[in-house]
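> Just a sequence and a predicted model for now, questions to come.
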Amino acid sequence: MTNSRRKFISSISMLAATTAVPLSAFSFGKSKKLKIALVGTGVRGTSFWGKRLVDQYSDILEFVGLCDINPGRLEYGKEYIGTSCRTFTDFEEMVKKTKPELVIVTTKDSTHHEYIIKGLEMGCDVLTEKPLTTDEIKCQAILDAERKSDKKLIVGFNYRWSPYATKVKELIMNNAIGKLVSVDFHWYLNTYHGASYFRRWHGEMESGGSLWVHKSTHHFDLLNWWIDSEPSEVFAYGDLEFYGKNGPFKGEKCRTCEHKHDCKFHWDITKDERMMKLYANHENHDGYIRDNCLFREDIDIYDKMSAQVKYANNTVLNYSLTTYSPYEGWRMGINGTEGRIEAWQDIPYFKNDSIDEAEKHAKEMAQTGKEELTYEPVILHKLWNKHETIQVGLEKSGHGGGDKRLHDKIFKNPETVDEYGRTAGVRDGAMSILIGIGARRSIESGQPIKISDLTDLKPKVQRG
Ligand SMILES: NC(=O)c1ccc[n+]([C@@H]2O[C@H](COP(=O)([O-])OP(=O)(O)OC[C@H]3O[C@@H](n4cnc5c(N)ncnc54)[C@H](O)[C@@H]3O)[C@@H](O)[C@H]2O)c1
């Protein structure tokens, strides 16, 4: 067995550290490359889990199959990834014919459960993109399937791997502010990135479970990991006050819209070659309009979200997500019995910076941004002391460098012991979406929701 293959096997076992049994597909003694099949050849599947794997790790893995319900996007995806593997529009046929060891799921969120469950049942290990799924019933079905299977399931969380997020974890782990008491966490999406969710399938509750799940799963996973406990109860408010039916006018799609000169959100997809090749050229197959109107009537998700979450270790969280901010960034305060941590990223006024928000969004969406370095401060303010400013170096693109580090951990440096516990398992995937699902249920019912009422998982005081 090659050294790199052994490293890969070990990395996957470590990623699944929160599950009981090491992943089975990567049994020792094999000299051949790991066989991967991917379902969902959209932007994330073709770039991060497609082309990047082929470019960086072809000595230890190979694609044996690609699948998507859109045959046009599938063929373009194959070309973009740079593989000669077979393509399928039927997942079961792909798995039967190509016998992959690992299935990667990068489809629309609401369909993750289908492929996770089928993949496990058909004898494959499965790596899924976040969010694990979009509601509590599908979540329970995934938990049941994973328990029945001798194969393993990994959730590809990348935010934990950003050096900035890791620094906050390190301070908390080192007891810098004593026992955690409360957290304020507020995330602001700008009028490019925030708006883009409302143009796409993400604007429909049925497809993405709302941004409470699709987007906040990232934030709740970070918070669960930092707080090192599991959520027990959530109460939330939310509304749709800006996008969707609230817009001043509507059109069929930006390309043909009669309001293109008046609408501040007009987006010319024809100027973006990758977006045209990935989506617009294949609309005839599935009717999916990538530059859809963000003021269309059928948008039914929230664009204003606020929640309070109580953790099993008694920490309380005040959380909000804004979807039409003039800048994109976030800020957080963590209070402990011995002090406070303040952290933020991309708040332009704090640096006296003028950021081109449109350019920043284009780089993030294309997932091709160069690894430009930047420095962001974390404040540590111990009780009775002057505050300390800690400068953390991180990349501007790829979720603060989290994307790259997640891959490197899986494929390049698997044997390094991770003292920060950044590896995320199925339970982490579930706990991060259950806060968002609970928030939705709370808005619907006007009542606080107990996380233990959603699935059979009982919140633990300490993660483990
Ligand atoms: N971790 C991150 O930072 C990150 C970033 C972007 C996207 N994502 C996740 O990656 C996934 C894909 O997102 P995307 O931005 O690439 O979306 P996308 O719309 O570009 O791609 C989704 C693909 O799934 C296909 N699809 C839809 N329903 C399907 C079905 N039933 N069976 C098979 N294929 C189906 C679509 O045709 C499309 O090609 C999502 O779950 C998203 O949450 C994660």
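Structure's in. What do you need?
> Could I get the average pLDDT for stretch 302-317?
Regarding stretch 302-317, the rounded mean pLDDT is 98.
> For that stretch, buried residues please.
302-303, 305-313, 315-317 (16 or more other Cβ atoms under 10 Å). Every residue, glycine included, has its C-beta placed from N, CA and C.
> How about stretch 38-56?
For stretch 38-56, using 16+ other Cβ under 10 Å, the buried residues are 38-54.
> So which of the residues you listed sit within strands?
Per DSSP state E, strands hold the following members of these: 38-39.
> Could you count how many residues lie near the closest residue to the ligand within the stretch 151-300 of the chain?
Closest residue of the stretch 151-300 of the chain to the ligand, Cβ to the nearest ligand atom: Asn158 (5.0 Å). By other Cβ atoms under 10 Å, 24 other residues sit near Asn158.
> could you list every residue that touches it?
Counting by Cβ atoms under 8 Å, 6 or more residues apart in numbering, Asn158 touches 398-399, 402-403, 405-406.
> Excluding chain neighbours, give the residue nearest to it in space.
Nearest residue to Asn158, sequence neighbours excluded (Cβ to Cβ, 6 or more residues apart in numbering): Gly402, at 4.0 Å.
> quick one: that neighbour and the ligand, what's the gap?
Gly402 is 8 Å from the ligand, where distance means Cβ to the nearest ligand atom, to the nearest Å.
> isn't that residue right next to Arg160, touching?
Yes. In this structure Gly402 lies within contact range of Arg160 using Cβ atoms under 8 Å: 6.8 Å.
> didn't Phe88 look like it was pressed against Lys78?
No. If you go by Cβ under 8 Å, Phe88 and Lys78 don't touch, sitting 10.9 Å apart.
> what is in contact with the two at once?
By Cβ under 8 Å, 6+ apart, the residues touching both Phe88 and Lys78 are Leu66.
> before we move on, back to that, now for the residue nearest to Asn158, how many residues are close by?
Neighbour number of Gly402 under other Cβ under 10 Å is 24.
> for Ala424, same thing?
28.
> Next, give phi and psi for it.
Main-chain torsions, Ala424, degrees, to the nearest 10: phi -110, psi 130.
> filter the buried residues of stretch 38-56 by proximity to the ligand?
For the ligand, the contacts drawn from the buried residues of stretch 38-56 by Cβ under 6 Å from any ligand atom are 39-45.
> now those residues as a markdown table including distance to Thr322 and pLDDT?
Converted to a markdown table, those look like this (distance: Cβ to Cβ, whole Å; pLDDT from 0 to 100):
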| residue | distance to Thr322 | pLDDT |
| --- | --- | --- |
| Val39 | 33 | 99 |
| Gly40 | 28 | 98 |
| Thr41 | 32 | 98 |
| Gly42 | 26 | 98 |
| Val43 | 24 | 97 |
| Arg44 | 24 | 96 |
| Gly45 | 29 | 98 |
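> from those residues, which is closest to Gly178?
Closest to Gly178 out of these is Arg44 (39.2 Å), distances taken as Cβ to Cβ.
> Is the closest one in contact with Glu129, as I believe?
Yes. Contact criterion Cβ under 8 Å: Arg44 and Glu129 qualify, at 6.1 Å.
> Common neighbours of these two, please.
With Cβ under 8 Å, 6+ apart as the test, Arg44 and Glu129 both reach Thr106.
> helix, strand or coil for Asp428?
helix (DSSP: H, G, I helix; E, B strand; the rest coil).
> wait, what's in contact with it?
18, 155, 157, 221, 224-225, 463.
> between those residues, which has the most around it?
Val155 (28 neighbours).
> Okay, and the beta partners of that residue?
Thr128 (DSSP bridges).
> Was I right to think it contacts Val426?
Yes. In this structure, Val155 is within contact of Val426 by Cβ under 8 Å, at 6.7 Å.
> Kindly point out which residues are neighbours of both of the two.
Counting by Cβ under 8 Å, 6+ apart, the contacts common to Val155 and Val426 are Leu132.
> List the backbone torsions phi and psi for Lys250.
The phi/psi pair for Lys250 (degrees, to the nearest 10) is phi -140, psi 150.
> How about it: what's its closest non-neighbour residue?
Closest to Lys250 by Cβ to Cβ, 6+ apart is Phe295, at 4.9 Å.
> A strand includes that neighbour, no?
No. Secondary structure of Phe295 (three-state DSSP): coil, not part of a strand.
> Could you look up the SS state of the most far-flung residue of the chain relative to its centre?
If you look at how far each residue of the chain sits from its centre, by Cα atoms, centre = their mean, the farthest one is Trp384, at 38.5 Å. Assigned with three-state DSSP, Trp384 falls in the coil class.
> I'd like to know which residues of the stretch 1-150 of the chain are adjacent to the ligand.
Residues of the stretch 1-150 of the chain lying near the ligand (Cβ under 6 Å from any ligand atom): 39-45, 68-70, 73, 106-109, 111, 129-130.
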